[in-house]
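Colleague: got a predicted structure plus its sequence, pasted below:
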Amino acid sequence: MTISPADLREPFYEGSVQRLFAVPGDDKIMVTQTTSRGSVFDVGALFEIEGNDVNRALFRHVVYTRMADPAVWQKVKKAIEDAPELDPDYRRELLSGVLESCCEHGARTHHEGMLDAVSGEVSRSGVPANPSACNVVRKFQILKPTRAEFLGAHLFDYSRFGHEDGFVVPLEYIVRFGITSASSVYRKYTAMDAGARKAFEHELGVKRPLEAWQYLEKPVSDFTSKFEPEDRMVNKQEALVMSGLSGKQFADSGKLAVLGAWAVRHLVEEIGLLMWDIKWEFAKDGEDLVFVDTIDTDSIRATMFIEVGEGRFVTHYNKQAMRDYFALLHDDWITAIKEAKALGQQAGVAFTEILKAGQEKGDYALTPEVDPEFLALQVRKMSAIREYITGVAGAEAVRGILAEAGREEIAFYRARGVIDGLRKINGISS
């Protein structure tokens, strides 16, 4: 298959970090073009990491290509069999059903390949001679819940999903190998009283209190809404009702999310990173479940522990690094976002409208620009990961580059007088 970049007209969708293009003569596929722009806190593109458009597309291409390979799933199976911490019943459930199919046939994904930037040829496996920011994927329909009002409450009606097919499931599946200090789950947990914490631990399926920067005895899953104005954490029962899937399909999708997380974990561990969590999305295609949407370094939370003179710190190799940057150096803007989100939720409108209006009136801090020195560090991180997944550099060399970039990031904060703030959010005491 060849798709000339010149044949791609105006995108039919343009988001903060991705554009979607129709393919002339074939309405079953589309071209996704990633950008080098970055978005945090749901406010749209805020910064640009040079070269990250191709980096993102390559990560997606490599991961989805691997997931179609039965050999990858056979390695996942062995890792689960060899994991001593797993409860026997949990291990038995993961090893049965969908994993058996993946070990034989690979997993289904919507990925068709990457466009060569020069020839337009679609590389279905391996990296093209001229990597581009464009991947080709199969299309699935996007259905959205309808609004419903009840005594002043703003509700969402998902009843139509159970009667449809070929759609993206309206959930984000989050799989956690461990708990980080910045995760929504941990923030919610620490705000609870003792009784609520116990109930929440039961909902997640863990047997001990949650602690930041500790791996769990088994991966846990939680869910958020996908097509509501603001992402909303939902429990497993509500997720099943929202999904439009049968009970068995929903259970299989949850297992696939955990198994897929294990496959990506192996990839990043090779370069010295700890993977804490990952987000997945699925489509329903008849009786089949299909991995869909983007998957890149911003879809996972991967870190390194770095020792410096002030102690031990966590450094991030995804957009959590950018979130921390704004929190440490522009907390007035973060406060404005939180207030606008609270007001938007009460009014049932997008918080960005409230934020923009407040900024125009001078009530809210303006959106800050990112220090070029800090952006340059993020370029080094992402470029090193790209060199590994494309085979340009070996795992040991990339581990060294990532560690050095982490040390320089800590030095950046030290020079700006916020090392104590960094210790509060990313310091490790043990």
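Modeller: Done, it's in.

Colleague: give me the nearest residue to the spatially most central residue of the chain, chain neighbours excluded.
Modeller: Centroid-nearest residue in the chain: Ser299, 1.9 Å away (criterion: C-alpha atoms, centre = their mean). The shortest distance from Ser299 to any non-neighbouring residue, by C-beta to C-beta, 6 or more residues apart in numbering, is to Lys279 (5.1 Å). C-beta coordinates here come from the backbone N, C-alpha and C atoms, glycine included.

Colleague: got the contact list for that neighbour?
Modeller: If a contact means C-beta atoms under 8 Å, 6 or more residues apart in numbering, then Lys279 has Glu172, Tyr173, Ile174, Ser299, Ile300 as its contacts.

Colleague: go through those residues and say which is closest to Thr352.
Modeller: Glu172 (19.4 Å; C-beta to C-beta).

Colleague: can you tell me what sits against the helix or strand encompassing that closest one?
Modeller: Assessed by DSSP states H and E, Glu172 sits inside strand 171-179. Residues outside strand 171-179 that contact it (C-beta under 8 Å, 6+ apart): 183, 185-186, 210-216, 219-226, 231, 234, 239, 242-243, 253-254, 257-258, 260-261, 265, 274-282.

Colleague: in stretch 403-421, what counts as buried?
Modeller: For stretch 403-421, burial by neighbour count (16 or more other C-beta atoms under 10 Å) applies to Ala403, Ala405, Gly406, Glu408, Glu409, Ile410, Phe412, Tyr413, Val418, Ile419, Gly421.

Colleague: repeat that for stretch 284-295.
Modeller: For stretch 284-295, a neighbour-count test (16+ other C-beta under 10 Å) marks Lys284, Asp285, Leu289, Val290, Phe291, Val292, Asp293, Thr294, Ile295 as buried.

Colleague: now do the same end-to-end measure for it.
Modeller: With C-alpha to C-alpha, to the nearest Å as the measure, the ends of stretch 284-295 fall 18 Å from one another.

Colleague: likewise stretch 112-132?
Modeller: The first and final residues of stretch 112-132 sit 14 Å from each other (C-alpha to C-alpha).

Colleague: how far does it sit from the chain's center?
Modeller: Remark: stretch 112-132 is offset 24 Å from the chain centroid, using C-alpha atoms, centre = their mean, to the nearest Å.

Colleague: and the strands in the stretch 201-350 of the chain?
Modeller: For the stretch 201-350 of the chain, applying DSSP state E, counting those that start in this stretch gives strands covering 214-225, 233-234, 274-285, 288-292, 300-308, 311-316.

Colleague: of the contacts of Lys279, closest to Thr2?
Modeller: Thr2 has its nearest neighbour among the contacts of Lys279 in Ser299, at 28.7 Å by C-beta to C-beta.

Colleague: pretty sure that closest one is touching Ile278, no?
Modeller: Yes - using C-beta atoms under 8 Å, Ser299 makes contact with Ile278 at a distance of 6.1 Å.

Colleague: returning to that earlier point: buried set for the next helix-or-strand element following the strand holding Glu172?
Modeller: Downstream of strand 171-179, the first helix or strand assigned by DSSP H and E is helix 184-190. For helix 184-190, the neighbour count (16+ other C-beta under 10 Å) marks Val185, Tyr186, Tyr189 as buried.

Colleague: how about stretch 118-136?
Modeller: Using 16+ other C-beta under 10 Å as the test for burial, stretch 118-136 gives Gly120, Glu121, Val122, Ser123, Val127, Pro128, Pro131, Ser132, Ala133, Cys134, Asn135, Val136.
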